[in-house]
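Student: model the structure of this input:
(4 chains)
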Number of protein chains: 4
Amino acid sequence: MSGNPGLFIPGPTNMPMAVQRAMTVALEDQRSPDFPKLTLPLFQDLKKVFKTETGQAFMFPGSGTGGWESVITNTLSPGDKVVIAVFGQFSHLWADLCQRHGLDVDIIETEWGVGARPEEYAKRLEADKDKTIKAVLVCHNETATGVSSDIGAIRKVMDDLDHPALLMVDGVSSIASIDFRMDEWGVDCAVSGSQKGFMLPTGLAIVAVSQKALAAYEEAKLPRCFFDFGDMIKLNADGYFPYTPATTLFHGLRASLDILFEEGLENVYARHHRLAQAVRRGVHAWGLELCAKEPKWYSDTVSAIVVPKTIDARDVISHAFKNYQLSLGTGLTKVMGRVFRIGHLGSLNELMVLQALAGSEMALRDAGYQVELGSGVAAAQSYLLQDAAKPMMPKVTSVAAA
Amino acid sequence: MSGNPGLFIPGPTNMPMAVQRAMTVALEDQRSPDFPKLTLPLFQDLKKVFKTETGQAFMFPGSGTGGWESVITNTLSPGDKVVIAVFGQFSHLWADLCQRHGLDVDIIETEWGVGARPEEYAKRLEADKDKTIKAVLVCHNETATGVSSDIGAIRKVMDDLDHPALLMVDGVSSIASIDFRMDEWGVDCAVSGSQKGFMLPTGLAIVAVSQKALAAYEEAKLPRCFFDFGDMIKLNADGYFPYTPATTLFHGLRASLDILFEEGLENVYARHHRLAQAVRRGVHAWGLELCAKEPKWYSDTVSAIVVPKTIDARDVISHAFKNYQLSLGTGLTKVMGRVFRIGHLGSLNELMVLQALAGSEMALRDAGYQVELGSGVAAAQSYLLQDAAKPMMPKVTSVAAA
Amino acid sequence: MSGNPGLFIPGPTNMPMAVQRAMTVALEDQRSPDFPKLTLPLFQDLKKVFKTETGQAFMFPGSGTGGWESVITNTLSPGDKVVIAVFGQFSHLWADLCQRHGLDVDIIETEWGVGARPEEYAKRLEADKDKTIKAVLVCHNETATGVSSDIGAIRKVMDDLDHPALLMVDGVSSIASIDFRMDEWGVDCAVSGSQKGFMLPTGLAIVAVSQKALAAYEEAKLPRCFFDFGDMIKLNADGYFPYTPATTLFHGLRASLDILFEEGLENVYARHHRLAQAVRRGVHAWGLELCAKEPKWYSDTVSAIVVPKTIDARDVISHAFKNYQLSLGTGLTKVMGRVFRIGHLGSLNELMVLQALAGSEMALRDAGYQVELGSGVAAAQSYLLQDAAKPMMPKVTSVAAA
Amino acid sequence: MSGNPGLFIPGPTNMPMAVQRAMTVALEDQRSPDFPKLTLPLFQDLKKVFKTETGQAFMFPGSGTGGWESVITNTLSPGDKVVIAVFGQFSHLWADLCQRHGLDVDIIETEWGVGARPEEYAKRLEADKDKTIKAVLVCHNETATGVSSDIGAIRKVMDDLDHPALLMVDGVSSIASIDFRMDEWGVDCAVSGSQKGFMLPTGLAIVAVSQKALAAYEEAKLPRCFFDFGDMIKLNADGYFPYTPATTLFHGLRASLDILFEEGLENVYARHHRLAQAVRRGVHAWGLELCAKEPKWYSDTVSAIVVPKTIDARDVISHAFKNYQLSLGTGLTKVMGRVFRIGHLGSLNELMVLQALAGSEMALRDAGYQVELGSGVAAAQSYLLQDAAKPMMPKVTSVAAA
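Tutor: Numbering: from 1, shown residues only, chains lettered A, B, ... in the order given. Okay, here's the model as predicted:
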């Protein structure tokens, strides 16, 4: 088919040409004296993205799932108790990963469409008089439902109860796109991946952990080797790695970080918020609702859109792909057929968002929903136009910050 | 700025990833025994695109302007009389090039917005009782005004008058996008370039000439060397070149030809027509007119859009570029400030066209024209939707073909 | 510095331009209907490289270390007994990984410079009257010492004793370069990585397992999730993955497999043997010895060269890198300072090998060893010349095959 | 075939990865407001490479032949008298180009193997009492024979005779590799191309001209349009072009210039001299002679090597290509079969040169000459080793500079 495909899934995202360019490199010796000139600044700059000064960043060959596994296996022991709210496919999968590793997982079953409720975490932690809960896990941005949670609020709950558990956050589809404040929120383990806000091919599990998490590493008994922090720490100190790392992606990450810093992280967040708002205006103009129940849960990186009962969301996605080369995100498990998702994160601008809306309108029509053509585009345009002069600040994501 | 820029000028066009991939090659020896395996099929396949069986194709390092120069200098002598209709900046430049080479150029001054009128050519040729006119030059697609002309009709005029002049056609922004029939229309020299329908970087002047033109070469006295047909013919026969050719672009051209043939040339034309129609529906929905005066002149590769008198088209273009990373074509010379152009040729699909329309709407607003947001997008969507099942045939471009 | 660097470490190897070209792709939706067209043939073709018809291939984001971990965690349970010969850094690391996962590891301590001795394995297995040994681990090609072992011979030992243990082989630096016969040798788990014989960037752990290993999976209790076979099997069946895979590398792997099959696997092995022989002729012409004690241990993918006692091998490596842009492999742990390594695997030809030898000669001189300049090059040339007409068959690597 | 091909023709040269990376760009609007940010510095930086402060640089889509044509047609009129020494295929071709453009060409027929003799130019200029000679043409580096000429000495001849002719220099295979001093030597027109010292794909004719040449432009009557200086000057002033330029190559040129300046032009020249010396040591060690008769004619960018009478140089080239993937330059016309050429310019280092020598030795053997294997490599190594600490200055190319 002719023309550029439109990629609007919530990751992998659209890779900037500058990233592709940066990865046009020969393979190289990961033990060369020059190699640390590439790698050492990456570690430093990743910390800026996670907003941590005292933490430590890791880059494993892998994906976000590998990142989840790394933080669990390096800080916990078999049978350790953890608590996690499950309100979508990805929070579910992380909980499942914990169970597979023999942890005692207390799941806060939560309706899909809302986020992690601080009050529910509070109940569990309050009940845990002996402080046996070793880790509190939260999915910052549930990619399946387009729901963001307030990490700062959960930290506040923990602080108020003076609970010593580690705070672990899945930031795979938030970090580098939505404001994330590791030190301020007291996050002990933050997990991300290369193919979302970092705008790279899949292949790096990017993780940052606090000194408290590193202290927990000393006691943690879950078996690990590939994802072991200790080996990494020892060799990363000089810019090297315990086994061959994904050098090509490091060059891409260099470009990605340069792009992020050139725009400025706060501007990156503001842009994501603005473009997400435009998408939401479009969705509402179509007469449709988001899977996210309330504005406070709205995700600035992905919108899960509930289709009318008369149609199947899979048809929307299928028509979009076959007729218009438009990749939309599918509804996963519980919401399969009921929602389609527009990913709006990473390297993105106004016209790309309008393209996604225009294409979705076409696909909705093809799938049998008589959406008014151009209505979503017009609503988004209207928002983006009036908004042109005054880039809005991103959603305040923390009560602590309010 | 974040996100992919939108390139909607009438060339260079959007390069397909497959072309970029194909050009990821090392430099090579243009005299190696393997080299002809790459080059010989290119010559054969170019002839298919020009629709000539008896003609000969050339690839010079250069651009369309170089292609113009090549056909003039290889077939004509100083003082030779040629006739050319000028109805836009590019037909003007070709006429100018002829004058600079010392030809006696009879210009058919034509209103910008209409195309080459066969009846005007007929007048000149009829008056030329001694058949002193050596060449009839026609711009197939005037990129400045978005006007296509009927080459077959001009051939018919020449045939009816039994005029022996060479028929030379500028197909820079038509060939590989709009139906072009070199043999059927009796075109003697056809000029194209790499950066339009061929979807490549600028750098190749792609030319095809008839046996009649090659016979004229023997008598032609205009000085030439870089663009000399004779040197090329001698070495091209075995797949080689008289001087170092642009080998990287040859690899890209291989990919480009494969893409064109996989889609099928007739489907390529139909797609261009369909997407051009969508753009035109959008323009009319905005309440604006094309520079092209009548539907029969409408170009399927570029639309020049006349802005309301209250605004300056340069502002539209400037806002599009600065606010939305959208590159639109400017109005050249006579129509500067009055028109902006949307290029819709090459590697293009529905959503790209909708993106261009959506962005133009935003830029029109920014420039002060209160276009109804989404109106052009909706009109184009509506056309593309109803049209989905039945790809329309391209505009019939020749009376001979009717 | 000017010019192309010379990469002669035993992986990452030199990436062919065709692989780089193939990876010039946009990011894409790993859940698209088209995706299996890319992935399903990869699984089939990987099996050809492993030479298994009944086994199953996996591609994890990761590296060889991840591959080791995957086969261990998916087939064994805590406390399971395994036996492994350690005769270099990589066999050591694999044993270490087993220990970290709580296995009971019986290490056959073996001199660095020889390979896995079938008779030593025989002793352990014979003594294991209760057949409590769950897995026999062998490093096919010890990258640290340039030593290849005879996997078929170890299988024969197991068969002769009718021992039911799984046979697990580290083929990271052998598979796709040195003959490997998974089915014939009864290998249950074979581990490779993308950055060696597959000529790709690091980032894929490529693993193949037998049906017997898959049966063991059902009972295996070691925790796992990222590397879980079960999730992969379920989704791979249709060409999909349980989490976002490294799609860009898949495109590169497609090119890599095409290259391997076009040359023919047997020719690939013969070429590796021939080029390795040339390197060894060069080394002997220098008056130096290999770390590998006997010809039967010689590796066709990497040569570890023992330097004279008067110099430090690290100086050779350092001079090679700084003065000549030549990356040589360092001596690891026990042999640090005593050996440097020339990797001769992957995309390689005669002149590249001569370049490595020429550069090593210069670096040896710079490091203080008065090697006769050109002597190694001449010896290798002489071998390659006489050898030109009759490509030698690769070393017979199995008694079973004799 | 496996492995990287060896490219040792005198252009196209080996493209650095940084150049390939830089050309990984989308196509773009050559009329965008951002475009001059790319182009204006290129013009300035090219002047540094030509070593002119008062001259003007041009970049045409084309090749070196186009560059020749541009300087001729923009400064001369039909029938103008020019004088040129012909001592190889490229000086011959330039003379031929002049003749085809109707110039009165006084050819100084010179033996192949020597360069432009100042004394012969002196004779012609001295005899030209009426100063009717409009231009003195010199080929700085004759690529066919590997001969460099002393441009400064020819300028001195002109100055001594106070001759007003323009001094035009073909620097296609010298500029950016061998010292070139446009202002100091009073060169009026200097011609180069992208695919030699600039390490880019073919596609740019790079030209610099003096103010005197620009004054001559005003009177020059040779027809021209594609290569017209005037159009370029007008639009280049603001960073734009009269027709679509080769934007992708501009990005490559940016990288190329950065590479040249980072190394430093004087270091670039010294490196070329040093590597050329190494090649020459190798050739002499083989018992062979260069086509260049005396050391003062030796070219630092290409060596044409005379083979023994018993063999055909074409066999050497053919064996090198087929057996070893080594591209060597062929002997052109007069010296076909008698010489093969090693190009040693552009992105090049010690090991690449040794690789070329090693491969040539193999190919010489295959062609029937019993060269001592390794002898050329050893001689070159020996030179490069002793030379390591003290990079030699390049050959003094001008008496004026002495």
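Student: skipping adjacent residues, who's closest to A:Gln164 in space?
Tutor: Heads up, residue A:164 is Pro, not Gln. Closest residue to A:Pro164 in three dimensions, ignoring its sequence neighbours and counting by Cβ to Cβ, 6 or more residues apart in numbering or on different chains: A:Lys131, at 5.7 Å. Yep, even glycine has a C-beta here, placed from its N, CA and C like the rest.
Student: again with A:Arg100
Tutor: Per Cβ to Cβ, 6+ apart, closest to A:Arg100 is C:Cys225, 4.7 Å.
Student: which stretches of chain A form helices?
Tutor: A:17-22, A:35-50, A:64-75, A:89-100, A:118-127, A:151-160, A:211-219, A:229-236, A:247-263, A:265-285, A:313-324, A:350-366, A:375-386 (DSSP state H).
Student: among those helices, which is nearest C:Thr310?
Tutor: helix A:35-50 (29.1 Å; Cβ to Cβ).
Student: roughly how far does the spatially most central residue of chain A sit from chain B?
Tutor: Chain A has A:Ser173 as the residue nearest its centroid, 1.3 Å off, counting by Cα atoms, centre = their mean. Distance of A:Ser173 to chain B, given as Cβ to the nearest Cβ, to the nearest Å: 17 Å.
Student: before we move on, what about A:Gly346?
Tutor: 8 Å.
Student: I'd assumed A:Ser174 was in contact with that residue.
Tutor: No - counting by Cβ atoms under 8 Å, A:Gly346 stays clear of A:Ser174, with 11.9 Å between them.
Student: who touches both of the two?
Tutor: The overlap between the contact sets of A:Gly346 and A:Ser174 (Cβ atoms under 8 Å, 6 or more residues apart in numbering or on different chains) consists of A:Gly197.
Student: make CSV out of the helices of chain A and add distance to B:Thr75 and mean neighbour count.
Tutor: Formatted as CSV, the helices of chain A follow (distance: least, Cβ to Cβ, whole Å; neighbours: other Cβ atoms under 10 Å in any protein chain shown):
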stretch, distance to B:Thr75, mean neighbour count
helix A:17-22, 42, 21
helix A:35-50, 57, 18
helix A:64-75, 64, 27
helix A:89-100, 68, 22
helix A:118-127, 81, 17
helix A:151-160, 74, 21
helix A:211-219, 78, 16
helix A:229-236, 68, 18
helix A:247-263, 50, 21
helix A:265-285, 55, 22
helix A:313-324, 46, 22
helix A:350-366, 45, 27
helix A:375-386, 51, 23
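Student: any low-confidence regions in chain A?
Tutor: Scanning chain A for pLDDT under 70 picks out A:387-402.
Student: what residues does it have near chain D?
Tutor: Proximity of chain A to chain D, by Cβ under 8 Å from any Cβ of the partner chain, involves residues A:Met17, A:Gln20, A:Arg21, A:Ala22, A:Thr24, A:Val25, A:Ala26.
Student: neighbours of A:Glu294, just the number please.
Tutor: Per other Cβ atoms under 10 Å in any protein chain shown, the neighbour tally for A:Glu294 reads 11.
Student: any idea how many residues pack against the residue nearest to it when sequence neighbours are not counted?
Tutor: Leaving aside its sequence neighbours, A:Glu294 sits nearest to A:Val114 (Cβ to Cβ, 6+ apart; 7.3 Å). Close neighbours of A:Val114, defined as other Cβ under 10 Å, add up to 20.
Student: show me the contacts for A:Val114.
Tutor: For A:Val114, the contact set (Cβ under 8 Å, 6+ apart) comprises A:Phe87, A:Val147, A:Ala292, A:Lys293, A:Glu294, A:Trp297.
Student: ok, now with 10 Å
Tutor: The contact partners of A:Val114, taken as Cβ atoms under 10 Å, 6 or more residues apart in numbering or on different chains, are A:85, A:87-88, A:142, A:145, A:147, A:149, A:291-294, A:296-297.
Student: mind listing what the residue in the stretch 1-150 of chain A that chain B sits nearest to touches?
Tutor: Scanning the stretch 1-150 of chain A for proximity to chain B using Cβ to the nearest Cβ identifies A:Gly3 as nearest, at 3.1 Å. A:Gly3 makes contact with A:324-325, B:14, B:16, B:271, B:275, B:346-353 under the criterion Cβ under 10 Å, 6+ apart.
Student: and what of A:Gly346?
Tutor: A:7, A:10-16, A:173, A:176-177, A:195-200, A:256, A:268, A:272, A:301, A:352, B:2-3, C:27.
Student: before we move on, the earlier item: which of the helices of chain A sits closest to B:Gly67?
Tutor: Counting by Cβ to Cβ, B:Gly67 lies closest to helix A:17-22 out of those; the figure is 28.9 Å.
Student: what about that closest one, near chain B?
Tutor: Yes - residues of helix A:17-22 contacting chain B under Cβ under 10 Å from any Cβ of the partner chain: A:Met17, A:Gln20.
Student: what's the burial count for A:Ile311?
Tutor: Using other Cβ under 10 Å, the number of residues around A:Ile311 comes to 16.
Student: near chain C, which residues of the stretch 251-400 of chain A?
Tutor: For the stretch 251-400 of chain A, the contact set with chain C under Cβ under 10 Å from any Cβ comprises A:252, A:317-318, A:321-322, A:326-330, A:332, A:343, A:346.
Student: got a markdown table for those residues, with distance to A:Trp286 too?
Tutor: Output for these, formatted as a markdown table (distance: Cβ to Cβ, whole Å):
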| residue | distance to A:Trp286 |
| --- | --- |
| A:Gly252 | 36 |
| A:Ile317 | 16 |
| A:Ser318 | 18 |
| A:Phe321 | 19 |
| A:Lys322 | 21 |
| A:Leu326 | 15 |
| A:Ser327 | 19 |
| A:Leu328 | 14 |
| A:Gly329 | 17 |
| A:Thr330 | 19 |
| A:Leu332 | 22 |
| A:Gly343 | 18 |
| A:Gly346 | 24 |
